[in-house]
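In: What would the 3D arrangement of this be:
(2 chains)
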Amino acid sequence: MGAQIRVYRQKIASTSSMKKIFKAMELIATSRVGKARNRAQAASPYAEAITRAVSAVASQDDVDHILTEKVTNPKRAAVLVMTSDRGLAGAYSTNVLKRSESLLARLRQDGIEARPYLYGRKAQAFYDFRSREYDQVWTGQTDAPGVERAQEIGQTLVDRFTQSTEEGGVDEIYLVYTEFRSMVTQEPVVKRLLPLAVVESQDEGAGADPMPLYDFEPSAEEVLDALLPKYIESRIFSAMLEASASELAARQKAMKSAADNADELIRKYTLLRNNARQAEITQELTELIAGADALASS
Amino acid sequence: MAVLDVQVVAADHAVWSGEAKSLTGRTIDGDMGILPGHTPVLALLSEGELTIEPVDGATVKAKVSGGFFSVDNDKVTVVADEADISE
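Out: Numbering: from 1, shown residues only, chains lettered A, B, ... in the order given. You can find the predicted model right below:
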């Protein structure tokens, strides 16, 4: 057998085994993206209820609280960047990092020192490779985030926020994550968590009716003290869930096009292999006929 | 007769929702009962039991750890960190 044919056979074999892997990963991502969206949906009543309550408290002017105060001259900002742990999800992590880079550049222009907080191994690798500093990193479960992780991150960020600027605290908290629009569109977005941009009515219903004047039990300050960290945690948790759905959707898309490309390659190599086989047969025939002719004429 | 529209949610899932005659929760200052027509209130929950008296059916009891509940126009939203229903 000719060397050419063998090379093409090997290429076809390896491409088809890769195609099987891509197909499997696509199927896994497809099944998990549904689960991730369900989780995001299951968490949304909590997020809505807490957003509504925080808006109600914060819209009452007589409450003074560190978390609702306006910072006139911000000096330092924490930026939480949410990427994935694993690759093979197309440009998912790259897009988030790009978006975060433009935010960092903007902050620098405004004279604000940015402190990056990273979520996901891809972000960590990005910063480590460039030997850039970051304050903290969380890795390990970006495709199936748990509430505990959100609480941990929320606690860390709120602690930094309540510190005074002189002691190294931050004045603003930004969140960069990928919003899940649909199975085919995921958009990296920047959201400011703190200071509160009060009354964010993402859902139509909540913003429509006026906020009732609540009585607070035990007191407005204590309610805010307890509520705001929870609000931040819930915002972070929703972002984590949306990011995980986006990650899986991006992976599914990437794996689908990888499998399609593998198909294309297999088709191409099969053609080349057949060409090579045909050429070999032709050559053998030519040699045979030439040999027979030489024998007959002698 | 007016009824309460109750919704109990935990951090990552909805726990219980329906109409109720009354609801009792343990706030930081002690137990607090809610009947239809209650003034709007936002109260912090401490660890303890939440009792819901549904319009029909048996009393629903749930173990709640931390969180808060809001009452507004006979609409009660209980937002708990964790909540486990025990009938």
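
In: Nearest to chain B: which residue in the stretch 101-250 of chain A?
Out: Of all residues in the stretch 101-250 of chain A, A:E217 sits closest to chain B, at 3.5 Å by C-beta to the nearest C-beta. Just so you know, the C-beta spots here come from the backbone N, C-alpha and C atoms, and that holds for glycine as well.

In: Please list the residues of the stretch 51-200 of chain A that sit near chain B.
Out: The stretch 51-200 of chain A comes close to chain B at residues A:52-53, A:56-57, A:147, as judged by C-beta under 8 Å from any C-beta of the partner chain.

In: that older thread, beta partners of the residue of the stretch 101-250 of chain A closest to chain B?
Out: Beta-bridge partners of A:E217, counted by DSSP bridges, are B:A43.

In: check contacts around it.
Out: Shown in contact with A:E217 (C-beta atoms under 8 Å, 6 or more residues apart in numbering or on different chains): A:223, B:27-29, B:32, B:41-44.

In: Compare these and tell me which has the most neighbours.
Out: A:V223 (25 neighbours; other C-beta atoms under 10 Å in any protein chain shown).

In: Kindly provide the distance from the nearest residue to it once chain neighbours are set aside to A:R99.
Out: Once flanking residues are discounted, A:V223 sits nearest to A:F216: 4.8 Å by C-beta to C-beta, 6 or more residues apart in numbering or on different chains. Distance, A:F216 to A:R99, using C-beta to C-beta, to the nearest Å: 38 Å.

In: swap in A:E152?
Out: Distance, A:E152 to A:R99, by C-beta to C-beta: 24 Å.

In: Same check on A:T51?
Out: Distance from A:T51 to A:R99, by C-beta to C-beta: 23 Å.

In: quick one: low-confidence parts of the chain?
Out: Here I'm looking at chain A. Scanning chain A for pLDDT under 70 picks out the ranges A:1, A:60-64, A:66-70, A:197-212.

In: that's the wrong chain, I wanted chain B
Out: B:1, B:87.

In: Point me to the residue of it nearest chain A.
Out: B:A43 (3.5 Å).

In: where do the strands sit along the chain?
Out: Unless you meant another one, I'm taking chain A. Along chain A, counting by DSSP state E, strands occupy A:76-82, A:113-119, A:136-138, A:172-180, A:186-194, A:215-217.

In: that's the other chain; I wanted chain B
Out: Under the criterion DSSP E, strands of chain B are mapped to B:4-10, B:13-27, B:30-34, B:41-45, B:48-54, B:60-72, B:75-86.
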